[in-house]
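Enquirer: The sequence isn't on hand, but the structure is:
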């Protein structure tokens with residue numbers, strides 16, 4: 001099951017869970033801004049005519065009363081479109097549905113089902129019984145932990161079960177080693193590989209971290225290069241640096 005949450009200053013995140021076991025967590029990241037055309041469409045047909053008029057909006061008057069002054073407004077039209085879009089989203093968020101007291105669950109804010117990065121797909125069969133737990137309050141509580149983490153409070157995830165049925169024995173060992181790195185500390189890729197039992201497999205450890213499907217839960221942002229911060233997969237180094245700064249680590 002896919003769960004969405006939102007953290008102020010960070011944006012939307014998503015958790016994939018089955019039977020109380022985490023399949024994937026994609027860290028909250030800013031939602032992409034809508035295209036200008038979509039914003040104008042949301043503002044009404046009048047603004048579509050104004051857009052068609054070109055940069056000068058010479059024909060804005062044809063769009064309807066009040067738009068004669070649109071040319072003077074200039075870039076403010078885009079802000080109007082975004083404001084209307086946000087109003088529509090706020091209306092959607094007020095509809096009945098699961099809500100969290102801390103991070104917000106936006107419900108159907110993203111269109112259509114979307115597989116998270118890393119190809120973490122919900123399994124076709126139920127997970128083994130020893131991995132299952134009651135998920136009725138598990139994911140909302142976990143999302144509250146994410147919110148506290150992203151606010152700069154030390155948080156632990158050692159009790160959060162993750163699905164490793166896809167992982168090789170070495171990858172499973174890397175997960176255990178990475179989860180043992182505490183808040184505010186870092187290790188190198190070579191050190192992580194050594195902790196997992198293969199000290200010469202620094203490159204493999206780096207690849208594993210770049211493809212980490214359990215952001216924060218498996219804190220690969222705390223695994224760095226021997227000569228600097230290292231990479232952070234598709235999420236980018238700027239996010240990795242921001243996460244480390246939360247923990248007082250400056251790289």
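Expert: That came in fine, so what should we check first? Just so we're clear, the structure is a prediction, and the values are computed from it rather than from any experiment.

Enquirer: Show me where this structure has its strands.
Expert: 2-7, 11-18, 21-29, 187-188, 223-224 (DSSP state E).

Enquirer: Need the mean per-residue confidence for the first one.
Expert: If I follow you right, that is strand 2-7. The pLDDT scores in strand 2-7 average 93.

Enquirer: Give the buried residues for that strand.
Expert: Residues of strand 2-7 classed as buried: 3-7 (neighbour count, 16 or more other C-beta atoms under 10 Å). For glycine as for every other residue, the C-beta is placed from the backbone atoms N, C-alpha and C.

Enquirer: Could you check the angle it makes with strand 11-18?
Expert: Strand 2-7 and strand 11-18 meet at an angle of 150 degrees, taking axes from the mean of the first three to the mean of the last three C-alpha atoms, to 10 degrees as the criterion.

Enquirer: again with the third one
Expert: Between strand 21-29 and strand 11-18, the angle formed by their directions is 170 degrees, by the same axes, to 10 degrees.

Enquirer: what's around residue 137, how many residues?
Expert: Using other C-beta atoms under 10 Å, residue 137 has 8 neighbouring residues.

Enquirer: actually residue 248, sorry about that
Expert: Residue 248 has 10 neighbours, counted by other C-beta under 10 Å.

Enquirer: Residue 249 and residue 17, how far apart?
Expert: Counting by C-beta to C-beta, to the nearest Å, the gap from residue 249 to residue 17 is 29 Å.

Enquirer: Please apply the same query to residue 202.
Expert: Taking C-beta to C-beta as the measure, residue 202 and residue 17 are separated by 32 Å.

Enquirer: so residue 148 sits right up against residue 155, yeah?
Expert: Yes. Here residue 148 reaches residue 155: they are 5.4 Å apart, a contact under C-beta atoms under 8 Å.

Enquirer: Of residue 249 and residue 17, which one has the most company?
Expert: For residue 249 and residue 17, the more surrounded residue by other C-beta under 10 Å is residue 17, and the numbers stand at 20 against 17.

Enquirer: so that one bridges to which residues?
Expert: residue 22 (DSSP bridges).

Enquirer: what sits against it?
Expert: For residue 17, the residues meeting the contact criterion (C-beta atoms under 8 Å, 6 or more residues apart in numbering) are 1, 3, 23, 135, 138-139.

Enquirer: For these, which entry has the maximal number of neighbours?
Expert: Counting neighbours by other C-beta under 10 Å, the top entry in these is residue 23, with 24 neighbours.

Enquirer: What is the burial count for the closest residue to residue 138 other than its chain neighbours?
Expert: Computed as C-beta to C-beta, 6 or more residues apart in numbering, the closest residue to residue 138 that is not its neighbour in sequence is residue 20, at 5.3 Å. Each residue near residue 20 was counted by other C-beta under 10 Å, and the total is 16.

Enquirer: Phi first, then psi, for residue 20.
Expert: Recorded main-chain torsions at residue 20 are phi 80, psi 10, according to degrees, to the nearest 10.
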